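Sequence and predicted structure below; questions after.
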Amino acid sequence: MLNDEAAHSEQLTGGLKHGTGRNAHIVLAPQPSEDPNDPLNWSAWKKELCLIILVYGAMLNAATIGPLLNSSIVVIATDLNRTITDIVVISGYNLLAVGCSGPIYCALSRKFGKRPVFLVATLFSIVGTAVGEAANTYNYLLASRIIQGFSTSPYESLIIAAVGDMFFVHQRGYRVAFITFILNAASSLASIICGQITSGLGWPWLFHMLQIFTVVQFILMFMFCPETTYHRDHAYDIDQVQDEKLEALVETEHRAEVRKEAAGTNTELTPTTSSSPIRQKKTFVQYMAVYTGIYSNDNILKLIFGPFITLLNVGACWSTVANGLLTAWYVTSAIMQAGIFAGPPWGFGAAQVGYLSAGPFVGGMVGSAIIAFTSDPAVKWLTKLNKGI
């Protein structure tokens, strides 16, 4: 992001696209191309609708599936005549499926785009939940949780990347904060609700009710969430290129404007050269295509193992370990609650065990709110301190 006023670069950047309203002095980063199919050029309502549906999917596939059985562990163990440890192991296999599928989903999304990955993940959720609905033995329940585990990873990681695909740098902060709230604090709210369902209707209804919402989410995802992955010229990534290339980009923008005026239409044009063909806006049916092409020529194995190579970077490794330990502590304590408080001297039922998650939910909500209201202003302030860059 570049602040014209702080950098005193109005003459150089005047030809670039800027924000609107109180952000009119901010040069958009990355710069949107002249292609109407560029997600950065989508209308505001289309971006927000797509994000809402993705967040809805994160609420179900990440924030709900993980803690789905946490409040009901003792009840399920009693019904299936198994030990509490056996039921806890089911959640362990669920998390194992989440972890193992993560690098694969990441590689597939870079190769084929995010849309097919999100759709496949939701299908895993639907199938796994269907198996859970029919579960009357331990093995059925175990199979259900493993299949459900393959639905979680994209909604924990790729959703953040989708925000970067659709929104500019100065617009991402509070949206990412809200997603973080859904992925962390809202999972505690799911435990509260699931405890109530088990107490009032029985634990099989956890799967019955989840299935309804998951099928609706799949339909919405298919109809209103186009592919957000888009390859634009690297020159448009002005948060990554050198200042001296801004002049060439300004000239490109000027040529595009001249061509549009000459054409006498509002049709957006491609940004590459003055002889570039006009790009037509896709139809609704074209936007709904599941497969939209290859987005990377790299070998799929290279894409799978790439994240592990990144761990050789000390900063990336530290961030992963620190976040992993925090997540492990949070998940472990959530799973152990039922085993600790269901027995003497507390004797809590499923609903009461669920209420124990109220504290983490409130704390997560407060923390996320602070980040949401401070992140974007902080970025703008730091940009101003750094002479507009």
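Nice, thanks for sending it over. Numbers count the residues shown, from 1 in each chain.

show me where pLDDT drops low in the stretch 101-250 of the chain?
Within the stretch 101-250 of the chain, the stretches with pLDDT under 70 are 235-250.

which residue ranges form the helices in it?
Remark: helices of the stretch 101-250 of the chain, listed N- to C-terminal, are 114-133, 138-149, 153-166, 173-183, 185-201, 204-224, 246-263; assignment by DSSP state H, counting those that start in this stretch.

what's the closest of the ones you listed to residue 351?
Of all the helices of the stretch 101-250 of the chain, the one in closest proximity to residue 351, counting by C-beta to C-beta, is helix 185-201 (3.8 Å). Quick note: C-beta positions are derived from backbone N, CA and C, even for glycine.

Which neighbouring elements make contact with the closest one?
With contacts defined as 3 or more C-beta pairs under 8 Å, 6 or more residues apart in numbering; DSSP states H and E, the packing partners of helix 185-201 are helix 204-224, helix 314-341, helix 350-355, helix 358-385.

Restricting the selection to alpha carbons, write stretch 156-172 to PDB.
In PDB, the C-alpha atoms belonging to stretch 156-172 read as follows (Å, rounded to 0.1, in the frame of the first residue of the first chain):
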ATOM      1  CA  GLU A 156      -8.800 -22.800   8.100                       C
ATOM      2  CA  SER A 157      -6.100 -21.700   5.600                       C
ATOM      3  CA  LEU A 158      -7.300 -21.000   2.100                       C
ATOM      4  CA  ILE A 159     -10.100 -18.700   3.200                       C
ATOM      5  CA  ILE A 160      -7.400 -16.200   4.400                       C
ATOM      6  CA  ALA A 161      -5.800 -16.400   0.900                       C
ATOM      7  CA  ALA A 162      -9.200 -15.800  -0.700                       C
ATOM      8  CA  VAL A 163      -9.500 -12.600   1.200                       C
ATOM      9  CA  GLY A 164      -6.200 -11.500  -0.300                       C
ATOM     10  CA  ASP A 165      -7.500 -12.400  -3.800                       C
ATOM     11  CA  MET A 166     -10.600 -10.200  -3.500                       C
ATOM     12  CA  PHE A 167      -9.600  -7.300  -1.200                       C
ATOM     13  CA  PHE A 168      -6.900  -4.700  -1.200                       C
ATOM     14  CA  VAL A 169      -4.300  -4.500   1.600                       C
ATOM     15  CA  HIS A 170      -6.100  -1.700   3.500                       C
ATOM     16  CA  GLN A 171      -9.300  -3.700   3.400                       C
ATOM     17  CA  ARG A 172      -8.100  -7.000   4.800                       C
END
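
can you pull the buried residues of it?
Applying a neighbour-count criterion of 16 or more other C-beta atoms under 10 Å, one finds 156-159, 162-163, 165-172 buried in stretch 156-172.

Give me the contact list for that stretch.
With contacts defined as C-beta atoms under 8 Å, 6 or more residues apart in numbering, stretch 156-172 is touched by 1, 19, 23, 26, 28-30, 39-40, 42, 47, 50-51, 54-55, 57-58, 62, 98, 102, 105-106, 109, 114, 117-118, 175-176, 179, 183, 228-230, 239, 376, 379-380.

Tell me how many other residues surround the residue nearest to residue 316 when sequence neighbours are not counted.
Nearest non-adjacent residue to residue 316, counting by C-beta to C-beta, 6 or more residues apart in numbering: residue 310, 5.0 Å away. The number of residues packed around residue 310, counting by other C-beta atoms under 10 Å, is 12.

what mean pLDDT does stretch 333-349 have?
pLDDT averaged over stretch 333-349 equals 79, rounded to a whole number.

Now the nearest residue to residue 125 once chain neighbours are set aside: phi and psi?
Beyond its immediate neighbours in the sequence, the residue positioned closest to residue 125 (C-beta to C-beta, 6+ apart) is residue 151, lying 3.7 Å away. For residue 151, the backbone dihedrals are phi -100, psi -10 (criterion: degrees, to the nearest 10).
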